[in-house]
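Colleague: Curious how this folds, go ahead:
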Amino acid sequence: MSSTNSNNRQVTWVSPENIESSNWSFTIKNFIAQGAPKQALKFYANVRTNHSVIIGVVPLLLKACTSLSMVFYGRVIHSESLKSGALSDVMVGTSLISMYGKCGCILDARKVFDCMTERNVVSWNAMIGGYMKNGDAESASVLFKEMPARTEVSWIEMIEGYARKGDMVSARYLFDQVPLEVKNVVTWTVMVDGYASNGDMAGAREVFEAMPWRNVFVWSSMICGYFKKGDVLEAENVFNLIPVRNLVHWNSLISGYAQNGHCRKALDAFTKMQVDGFKPDEVTLVSILSVCGQLGLLDKGKEVHEIIRCQGIKHNQFILNGLVDMYAKCGDITSARLLFESMVHRNNACWNSMISGLAIHGQCKEAIDFFGRMEQSDEKPNSISFLSVLSACAHGGYVEKGLEFFSKLRKYEIAASIKHYGCLIDLLGRAGKLKEAYDLIREMPMRPNDTVWGALLGACRIHSDMDMADRILEEVRSSDSDLCSSDDSHYVLFSNIFAASERWENAERMRIVISRKGIQKTPGSSSVMLEHL
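Modeller: As a prediction, this is how the structure comes out:
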């Protein structure tokens with residue numbers, strides 16, 4: 001019989017009673033090679049009562065436990081290895097260290113390490129890597145200094161660990177100490193990626209330029225680093241310098257464009273990539289789905305959905321989240337909901353896409369209902385979930401519900417941000433509760449920004465409350481608020497409010513300020529995406 005693994009490939013299943021004792025280890029190895037760790041562990045569970053542990057299989061089983069984060073099963077294999085004497089093997093001990101370290105059980109990893117009668121450099125590297133992955137750079141450093149011999153992996157584990165912590169000074173110090181004979185292209189790439197990941201593109205560029213040779217990954221690190229900083233032009237320049245491009249480079253460019261709001265450039269790059277003969281993978285398609293959602297290109301989004309079907313790309317969490325988000329943002333709530341309801345596991349991103357999509361497209365009560373369902377699910381609301389549901393309450397006029405949701409932030413141990421306060425102030429303002437909104441601004445634990453004051457000013461205009469507008473004007477003048485310093489467009493709003501109430505003297509005063517500051521009203525505009533015929 002056959003089954004399908006997590007990579008959507010057919011895996012041949014062999015019943016344990018129909019396999020010879022000498023061959024069952026080969027079957028486990030075959031499952032692991034096919035990317036089917038669950039089937040490997042299941043098969044082992046069925047045969048282990050009739051066969052003794054084979055040392056060569058234990059590292060593979062522990063690798064399967066690591067990939068599935070099944071520490072409990074790893075402990076069972078640890079116990080059986082101990083009973084059978086397999087634990088004395090250096091490969092078994094090293095695999096246990098790696099499994100415990102990667103699963104966050106660093107004390108267990110160290111116990112195994114200390115009890116090993118024989119260690120090789122891989123054992124030391126596994127223990128150092130475990131410490132670094134769990135944020136214990138001090139213990140890793142002590143062990144690194146005690147190592148009888150070091151390989152390039154030893155140096156890379158330390159440099160990468162420091163970079164992950166954001167300690168680029170220590171990372172660079174070690175990088176400069178790496179002996180030339182083990183300072184390979186991976187070492188250089190780890191250093192560049194460390195700088196790029198921490199936003200230091202000057203440091204990344206310095207090391208990048210000094211590299212004696214470059215691999216495909218270091219180009220992507222540079223592109224992603226510049227995009228992360230919002231420097232789209234420099235990211236494009238790096239991409240254009242790549243001598244031979246591959247799919248990873250195109251994905252870095254397209255996802256970078258999408259994350260920085262350059263959606264049309266992302267679509268153009270997507271087309272050029274295919275013209276150059278590259279077939280999009282799930283990373284490409286998730287980025288393009290995001291672009292379609294941002295631009296509201298439902299037809300293009302459906303084309304991408306069709307590509308996913310035709311290429312047989314597995315509907316994993318990333319693809320399904322991308323599809324739900326695209327359909328929800330484009331207003332096809334029915335398709336979004338069908339996909340959502342068909343999902344076995346829904347993470348925060350998926351719930352948030354549905355809540356936000358419903359709110360944006362006027363289905364505010366449904367958005368609130370979805371938030372209630374989320375609270376009852378295994379995935380608890382996060383900061384973005386509350387922003388989405390508060391926005392739904394504001395647009396739907398659900399004042400009491402909005403106040404209730406805002407009070408729940410504390411229940412979920414989420415600190416209310418300026419955006420959460422902004423949503424609540426917008427909600428109160430729309431409902432005409434201007435005094436309550438104003439009092440809330442005064443009680444905020446952070447300084448109100450122009451968006452918060454702007455929301456209340458907008459409410460003043462809607463409800464023609466000139467007294468409150470005057471109070472806001474006086475408040476921002478006395479506090480040297482960002483409203484007057486960073487976003488002069490609010491002077492236009494003040495002018496319009498005064499003019500609407502026929503307070504011509506105040507309106508004229510605002511117009512004089514506008515004239516002196518050289519502020520211009522931003523004309524209304526709209527854009528249409530024309531599909532190629």
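
Colleague: what's the spacing between residue 119 and residue 105?
Modeller: 19 Å (C-beta to C-beta, to the nearest Å). C-beta coordinates here come from the backbone N, C-alpha and C atoms, glycine included.

Colleague: where do the helices sit along the stretch 1-150 of the chain?
Modeller: Using DSSP state H, counting those that start in this stretch, the helices of the stretch 1-150 of the chain run over residues 24-33, 37-47, 58-67, 71-84, 90-102, 106-115, 121-133, 137-146.

Colleague: Now the spatially most central residue of the chain. Nearest residue, chain neighbours left out?
Modeller: Residue closest to the mean C-alpha point of the chain, counted by C-alpha atoms, centre = their mean, is residue 349 at 9.4 Å. Excluding its sequence neighbours, the residue lying closest to residue 349 (C-beta to C-beta, 6 or more residues apart in numbering) is residue 321, at 5.0 Å.

Colleague: List the residues that contact the one you found.
Modeller: Residues in contact with residue 321 (C-beta atoms under 8 Å, 6 or more residues apart in numbering) are 286, 347, 349-350, 353.

Colleague: could you redo the last one with a cut-off of 10 Å?
Modeller: By C-beta atoms under 10 Å, 6 or more residues apart in numbering, the residues touching residue 321 are 286, 289-290, 339-340, 343, 346-353.

Colleague: Among those residues, name the ones in helices.
Modeller: Within these, residues falling in helices by DSSP state H are 286, 289-290, 339-340, 348-353.

Colleague: Can you list the buried residues in the strand or helix carrying the residue nearest to residue 349?
Modeller: Using DSSP states H and E, the element containing residue 321 is helix 317-329. Across helix 317-329, burial judged by 16 or more other C-beta atoms under 10 Å covers 318-329.

Colleague: what's the distance between residue 460 and residue 286?
Modeller: Distance from residue 460 to residue 286, counting by C-beta to C-beta: 42 Å.

Colleague: Same list (the helices of the stretch 1-150 of the chain) but as JSON lines, adding mean neighbour count.
Modeller: Shown next, in JSON lines, are the helices of the stretch 1-150 of the chain (neighbours: other C-beta atoms under 10 Å):
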{"stretch": "helix 24-33", "mean neighbour count": "18"}
{"stretch": "helix 37-47", "mean neighbour count": "19"}
{"stretch": "helix 58-67", "mean neighbour count": "22"}
{"stretch": "helix 71-84", "mean neighbour count": "17"}
{"stretch": "helix 90-102", "mean neighbour count": "25"}
{"stretch": "helix 106-115", "mean neighbour count": "17"}
{"stretch": "helix 121-133", "mean neighbour count": "23"}
{"stretch": "helix 137-146", "mean neighbour count": "15"}
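
Colleague: could these go into CSV alongside distance to residue 357 and mean pLDDT?
Modeller: Formatted as CSV, the helices of the stretch 1-150 of the chain follow (distance: least, C-beta to C-beta, whole Å; pLDDT from 0 to 100):
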stretch, distance to residue 357, mean pLDDT
helix 24-33, 40, 76
helix 37-47, 33, 79
helix 58-67, 33, 87
helix 71-84, 37, 86
helix 90-102, 36, 93
helix 106-115, 41, 95
helix 121-133, 36, 95
helix 137-146, 42, 95
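
Colleague: can I get these in CSV with distance to residue 420?
Modeller: Shown next, in CSV, are the helices of the stretch 1-150 of the chain (distance: least, C-beta to C-beta, whole Å):
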stretch, distance to residue 420
helix 24-33, 47
helix 37-47, 41
helix 58-67, 38
helix 71-84, 36
helix 90-102, 36
helix 106-115, 36
helix 121-133, 33
helix 137-146, 35
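
Colleague: Figure out which of those is closest to residue 384.
Modeller: Closest of the helices of the stretch 1-150 of the chain to residue 384 is helix 121-133, at 27.1 Å (criterion: C-beta to C-beta).

Colleague: Residues in contact with the one helix or strand residue 299 maps to: which ones?
Modeller: Secondary structure from DSSP H and E places residue 299 in helix 298-310. Helix 298-310 has contacts (C-beta under 10 Å, 6+ apart) with 267, 270, 274, 279-280, 282, 284-293, 295, 297, 313-315, 319, 322-323, 325-327, 329-332, 335, 339, 529, 531.

Colleague: Which single one of the ones in helices among the contacts of residue 321 is nearest to residue 60?
Modeller: Among the ones in helices among the contacts of residue 321, residue 286 lies closest to residue 60 (C-beta to C-beta), at 31.1 Å.

Colleague: before we move on, back to that, for the helix holding residue 299, which residues meet the burial criterion?
Modeller: For helix 298-310, using 16+ other C-beta under 10 Å, the buried residues are 298, 300-302, 304-305, 307-308.

Colleague: how far out from the middle of the chain is stretch 361-378?
Modeller: Distance of stretch 361-378 from the chain centroid (C-alpha atoms, centre = their mean, to the nearest Å) equals 23 Å.

Colleague: again with stretch 184-201
Modeller: 20 Å.

Colleague: Same check on stretch 411-429?
Modeller: Per C-alpha atoms, centre = their mean, the centroid offset for stretch 411-429 relative to its chain is 23 Å.

Colleague: Now residue 334: which helix or strand?
Modeller: Going by DSSP H and E, residue 334 is in helix 333-342.

Colleague: Ok, residue 256 next?
Modeller: Taking DSSP H and E as the criterion, the element that holds residue 256 is helix 247-259.

Colleague: Quick check: buried residues in that helix?
Modeller: Buried residues in helix 247-259, counted by 16+ other C-beta under 10 Å: 247, 249-258.

Colleague: shouldn't residue 124 be in contact with residue 98?
Modeller: No. Residue 124 sits out of contact with residue 98 when judged by C-beta atoms under 10 Å, with a separation of 11.7 Å.

Colleague: Let me know the next secondary structure element after the host helix or strand of residue 410.
Modeller: Assigned by DSSP H and E, residue 410 belongs to helix 399-411. Moving toward the C-terminus from helix 399-411, the next helix or strand (DSSP H and E) is helix 418-430.

Colleague: name the helices or strands packed onto that following helix?
Modeller: Taking 3 or more C-beta pairs under 10 Å, 6 or more residues apart in numbering; DSSP states H and E as the contact definition, the neighbouring helices and strands of helix 418-430 are helix 383-396, helix 399-411, helix 434-443, helix 450-462.

Colleague: tell me the mean pLDDT for the longest one?
Modeller: Average pLDDT, helix 383-396: 93.

Colleague: residues touching the residue nearest to the centre of the chain, list them.
Modeller: By C-beta under 10 Å, 6+ apart, the contact set of residue 349 is 317-318, 320-322, 324-325, 379, 382, 384-385.

Colleague: Can you tell me how far it is from residue 339?
Modeller: 13 Å.

Colleague: ok, the residue nearest to residue 337 when sequence neighbours are not counted - contacts?
Modeller: Spatial nearest neighbour of residue 337, chain neighbours left out: residue 354 (7.2 Å); criterion: C-beta to C-beta, 6+ apart. Contacts of residue 354 were listed using C-beta under 10 Å, 6+ apart, and they are 324-325, 327-328, 333, 336-337, 339-341, 346, 366-367, 370-371, 373-374, 388.

Colleague: In PyMOL, select just the buried ones from those residues.
Modeller: Only the buried entries of the contacts of residue 354 go into this PyMOL selection, using 16+ other C-beta under 10 Å:
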select buried, resi 324+325+327+328+333+336+337+339+340+346+366+367+370+371+374+388
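
Colleague: give me every residue that touches the closest residue to residue 317 other than its chain neighbours.
Modeller: Leaving aside its sequence neighbours, residue 317 sits nearest to residue 347 (C-beta to C-beta, 6+ apart; 6.4 Å). Applying C-beta under 10 Å, 6+ apart to residue 347 gives the contacts 317-318, 320-321, 378-379.
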